[in-house]
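J.: Sequence and predicted model, in that order:
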Amino acid sequence: MAARGTGALIAGTILILVGLIFLFENWYAGFSFWRIFARYWPLILIAVGLRKLYRHVTWQEPLPVTQPVAPPVPPPPPPVVIEPPREGV
């Protein structure tokens, strides 16, 4: 179950990171993102795998939403039978 707005958060984070990469490459002549990426790209796979494991371990099934239940209605009382008085007894 994904939280609302997760896609926008990820997209914003990616845009910020790409902007920072271009900024560092413009400021520092010796900085090369691609050289660093070529060396350390397996760390991205490890981080994604760790995140998935963490989410699997900490996942809890949501409680079912139940409707309030009205108290049970008691059964009706048994019918009262009135017998007419017997004559001659």
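T.: Nice, I can see it. Numbering: from 1, shown residues only.
J.: Would you mind pulling up the elements that the longest helix seen in the chain packs against?
T.: Of all segments of type helix in the chain, defined using DSSP state H, the longest is helix 6-27. In terms of contacts (3 or more Cβ pairs under 8 Å, 6 or more residues apart in numbering; DSSP states H and E), helix 6-27 is packed against helix 33-40. Glycine gets a C-beta too; all of them are placed from N, C-alpha and C.
J.: Can you pull out the residues in contact with the helix it packs on?
T.: Defining contact as Cβ atoms under 8 Å, 6 or more residues apart in numbering, one finds that helix 33-40 is touched by 21, 24-25.
J.: got the angle for that helix vs helix 6-27?
T.: Interaxial angle, helix 33-40 versus helix 6-27 (axes from the mean of the first three to the mean of the last three Cα atoms, to 10 degrees): 120 degrees.
J.: Show me what the very next helix or strand once past helix 33-40 is packed against.
T.: Per DSSP states H and E, the first helix or strand lying C-terminal to helix 33-40 is helix 42-58. Applying 3+ Cβ pairs under 8 Å, 6+ apart, one finds that helix 42-58 makes contact with no other helix or strand.
J.: Going by neighbour count, which residues in helix 42-58 are buried?
T.: Residues of helix 42-58 include none that count as buried (16 or more other Cβ atoms under 10 Å).
J.: what is the rounded mean pLDDT of it?
T.: For helix 42-58, the mean pLDDT works out to 86.
J.: just how off-centre is it within its chain?
T.: Here the centre of helix 42-58 is set off from its chain's centre by 17 Å, with Cα atoms, centre = their mean, to the nearest Å.
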